[in-house]
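**Q** Here's my sequence, what's the structure:
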Amino acid sequence: MQIPNRPDYVSIHFTGQQSRSYNNNKQWRRQSCWRKWKQLSRLQRSLALFMLLLLFICGMASYPTVAKHLRGFSEREQDAERSILLRPLRPHVLPEPVKQGQHPLPEQLSQRKLSNKRGPPILQNRLQTKGNTSNILSEDKAADVRKEGEEDRVISWHGAVIDTDQATDGNKDGENKEDSPHVKHSQDSEASRIEAVREAFTHAWKGYRDYAWGHDELRPISRSYSEWFGLGLTLIDALDTMWILGLKQEFEEARRWVATELTFNKNVDVNLFESTIRILGGLLSTYHLTGDSLFLDKAKDIGSRLMPAFNTQSKIPYSDVNIGKGTAHPPRWTSDSTVAEVTSIQLEFRELSRLTQEPQYQAAVAEVMNQVHKLDGKLDGLVPMFINTNSGQFSHQGIYTLGARADSYYEYLLKQWIQGGKKENQFLEDYLQAIEGVKKNLLQKSSPNGLVFVGELSHGQFSPKMDHLVCFLPGTLALGAHNGLPADHMDLAKELMQTCYQMYLQMETGLSPEIVHFIMHQDSTRDIDVKPADRHNLLRPETVESLFYLYRFTKDRKYQDWGWEILQNFNKYTKVSSGGYTSINNVRDPDYPSPRDKMESFFLGETLKYLYLLFSDDLDLISLDKYVFNTEAHPLPIWPSTQ
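**A** As a prediction, this is how the structure comes out:
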C-alpha cells in the first residue's frame, strides 16, 4: 500500500505466504539449535550442564542477601520511625567536635533576609539581596563524596571532617555498645565541656569575622552576609557572651568596631522589639559586666532613638521605628502589634532609666503594662496574641498560646517582679494567674508515654501544637520557684523539661523541630508528630536556656548531659567547615538536613551562652540572685532592695 503524494513514506505489507515463511524460519532456528547441541560431545554437554548448575546454586545462595538489601530501601523510613519510638528515654553519646582548618577569606558576596526570634514570623525586613547562590546546595551536597585516599575518614554534608571511629552512626569493628542512662560526667569533665563551647563560639565567630564583619548576620555556606537593620546585630548580640567566655582578643576587636564604626544615625527602619532585646539589651549587659562607659553611651543613643514608637494615641507602641528620622509606624499590612513585642521590652527600658536617671523610658513601658493589665479578653490570665495600636484593645481574640507572639509576655511578668526587688505585686499577681490559666486550659499529656505538654486554644478548641519557643517555660517556672513561688511550679518545670528534651531525642538528628504536634489518642504508638513544614531548626536557645535554670537549681547532672548531647548534635549537623553554623530545614533527615545558609545572631547571643553557663559549676558566674536575663539572654542586674 502506498500513500499518495508522500514518497518519503513507505508502507510494508506481508502477504499470507510471507507470514508463513517468517514462522517457518523461527521453527527452523529452534531445530538448528537442538541439532547443534546434539552434535556436542558428552564431555562438552556435561561441562555446560555443570556450569549452569553452579550458576543456579550461586544465585540461590546470594538471594537472601540481595532480597534483604532490596527490602531495605522500601523499609528504611519505617524502620527509622520504629527505632525512634522504641528508643529508651536516655541520651545518645556523640563525638567531640572536630576543630576546623583555616580557609582563605573570599569576597563578601550577598545579603539575605532574617527571621524574627519571636513575634510574627512574617514581619517584613525590607532587605536587599545581591550575589548569586544558586550553586550553594549542590556544592555542599558534593562534599559528601569521599576524598581519594581518605579511607579512614568521611566527609559530612557540610564539609566537616569526622573520624570514622567517632561517627555516631556506626560502631568500630562491628561493636554494638549500649548507651549509659546518662553521659558519665567523669568522661567529659566540666573543663572539657566548657572548652567545647569556647571552640564552638570561636568557630562561629571566625565565620562572622571572615565573611560578615560589621553586618547583621552570617550566611556561612555562601560565605557572605545578610542585613536586617545594618547595625552589626550579631556583633552586638555576642559582646557579653565573649566577655563571659573569657575571649578577650575577640572582645577587644569587637569593642573597637563599636567605638569606631557603630552609628545609629541611619535612615533605616528597625523593629522596636528586636532592637530592644538584642541591641539595647546587649549594650546594657556589656556595660554592667565591663564597666566600660562606651557601651552605656551607645545604649543611651539607641534607647532615645526608639522612643518615637510610643507616640501613639493608645500608648501601645508601633512595631517599627526609623531611628534616623525619628518616626514610627505599624507594619504595612496591619495596625496591630503582637502582645509579646510590646510587653517584652520593659526590662531594658526600665534599666536604662535607672542608669540615666531619665524617667521617660520606664514610664513609657510601664504604661503599656498597666494597659494590658486592665484589658478585657483574657482567659484565666492568658492573653490573646495581638493588640491594636490605635484602640489599645486586644484584637483577633479567642486564640491563646505560649508560643510565638505571646511567649515572652509571661516571662517578663516574672522577671520584672524579680528585677524590681519583688516589690511590684501587680506583675506577680498577673504571672501567678497566668500559670494557673496554663494548667487549666493548655496542659495535656501525650500518648502512649504521657509527656506533659503545653498546647494552644483557638475559640474553645484545644490543639496539641507546641512551638519550640514554649521551652522557655520550664526555666521560667524554675526561676519562680527559686524566688519563693509554689513548689509545684518546680514539679511542672521538671515535667516540661523532659518533654522539651524528647523533642530533640526523638528526632533522627537529635535536634528539635520548630513545631511539634503531640498525639493524644489511646491507640497511638508514638507521642510526637512533625509536619513537613515544621521540621526546621533555627539554632534556637529555649531548651538549653531551661536546662541551665534546672541545673542551677537542682544540681541534677542529667540536665548538663542533655545539653552536651544538643551541643554535639549542633556540631554534627549544623557546623560549617569554613566557619559558622547554619540553621537547617529537616531535622528528620540525618543524611542531608538541608542547610538554610543562615546563622541567627541569637546562636551566639543566647544558645552558646546558656550552654557555657550550663556546663559551669561556678554559681557566681552570672549569679541568678544578682542578675535577671532578658529574653535575648543578656543579664541585667537585680535592683538593690533599697531602691
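**Q** distance of Gly403 from Val452?
**A** Computed with Cβ to Cβ, to the nearest Å, the distance linking Gly403 and Val452 is 16 Å. Any C-beta I mention is one placed from the backbone N, CA and C, and that applies to glycine too.
**Q** let me fix that: Gly207
**A** Distance check for Gly207 against Val452: by Cβ to Cβ, it reads 38 Å.
**Q** Between those two, point out the one with more neighbours.
**A** Comparing Gly207 with Val452 by other Cβ atoms under 10 Å, the one with more neighbours is Gly207, at 27 against 17.
**Q** Confirm for me that the more buried one is in contact with Lys575.
**A** No: distance between Gly207 and Lys575: 9.8 Å, which falls outside the contact criterion (Cβ atoms under 8 Å).
**Q** any residues in contact with both of the two?
**A** Tyr581 (Cβ atoms under 8 Å, 6 or more residues apart in numbering).
**Q** residues contacting Leu473?
**A** Listed by Cβ under 8 Å, 6+ apart, the contact partners of Leu473 are Leu402, Tyr410, Val438, Val454, Ala493, Leu496, Ser546.
**Q** so what pLDDT did it get?
**A** The confidence metric pLDDT takes the value 98 at Leu473.
**Q** so it is in which element?
**A** Using DSSP states H and E, Leu473 falls within helix 473-482.
**Q** One more: Pro384?
**A** Using DSSP H and E, Pro384 sits in no helix or strand.
**Q** Looking at Val516 now. What's its pLDDT?
**A** In this prediction, Val516 carries a pLDDT score of 98.
**Q** Surely it forms part of a strand?
**A** Yes: with the criterion set as DSSP: H, G, I helix; E, B strand; the rest coil, the secondary structure at Val516 is a strand.
**Q** which one is it nearest to, not counting chain neighbours?
**A** Using Cβ to Cβ, 6 or more residues apart in numbering and skipping residues adjacent in sequence, the residue nearest Val516 is Ile528, 5.1 Å away.
**Q** For the one you found, give me its contacts.
**A** Ile528 makes contacts with Ser446, Leu451, Gln502, Met503, Gln506, Val516, His517, Phe518, Ile519, as judged by Cβ under 8 Å, 6+ apart.
**Q** For Trp228, see how far away it is.
**A** 32 Å.
**Q** What are the buried residues along the helix holding Leu473?
**A** Buried residues in helix 473-482, defined by neighbour count with 16 or more other Cβ atoms under 10 Å: Leu473, Pro474, Gly475, Thr476, Leu477, Ala478, Leu479, Gly480, Ala481, His482.
**Q** Run through who's touching stretch 383-393.
**A** Taking Cβ under 8 Å, 6+ apart as the rule, stretch 383-393 contacts 312-319, 330, 335-340, 342, 371-372, 375, 377-378, 394-401, 405-406, 409, 434.
**Q** Which of those residues fall within helices?
**A** When DSSP state H is applied, these are split such that Val339, Ala340, Val342, Gln371, Val372, Tyr409, Ala434 fall in helices.
**Q** The residue nearest to Ile399 when sequence neighbours are not counted: neighbouring residues, count only.
**A** Setting aside the residues directly before and after it, Ile399 is nearest to Ser458 in space (Cβ to Cβ, 6+ apart), at 4.9 Å. The burial count assigned to Ser458 is 13, neighbours taken as other Cβ under 10 Å.
**Q** And for Lys531?
**A** The burial count assigned to Lys531 is 12, neighbours taken as other Cβ under 10 Å.
**Q** and what of the one 5 residues further on?
**A** A total of 19 residues lie near His536 under the criterion other Cβ under 10 Å.
**Q** One more: Glu252?
**A** Glu252: 10 surrounding residues under other Cβ under 10 Å.
**Q** quick one: what helix or strand has it in it?
**A** Remark: Glu252 resides in helix 248-260, with elements defined by DSSP H and E.
**Q** for Val368, what are its contacts?
**A** Contacts here follow Cβ under 8 Å, 6+ apart; on that basis Val368 touches Lys315, Ile316, Pro317, Val342, Thr343, Gln346.
**Q** per-residue confidence for the third one?
**A** Pro317 is assigned a pLDDT of 98 by the prediction.
**Q** Return the distance of it relative to Gln419.
**A** Pro317 sits 20 Å away from Gln419, going by Cβ to Cβ.
**Q** And the two? Which one has more around it.
**A** Pro317 (29 against 23).
**Q** Please check the contacts of stretch 383-393 and keep the buried ones.
**A** Looks like those have 312, 315-319, 330, 335-340, 342, 371-372, 378, 394-395, 397, 399-401, 405-406, 409, 434 buried, using 16+ other Cβ under 10 Å.
**Q** which ones among the residues you listed are found in strands?
**A** When DSSP state E is applied, the buried ones among the contacts of stretch 383-393 are split such that Asp336, Ser337, Thr338, Phe394, Ser395, Ile399, Tyr400 fall in strands.
**Q** quick one: the last one from Val383, how far?
**A** Look at Tyr400 and Val383: by Cβ to Cβ, they are 7 Å apart.
**Q** what is in contact with the two at once?
**A** Common contacts of Tyr400 and Val383 (Cβ under 8 Å, 6+ apart): Ala406.
**Q** Pull the residues that contact stretch 549-560.
**A** Residues external to stretch 549-560 that are found in contact with it (Cβ under 8 Å, 6+ apart): 182, 185, 193, 474-476, 478-479, 481-482, 490, 493-494, 497, 547, 563, 614-615, 619, 624.
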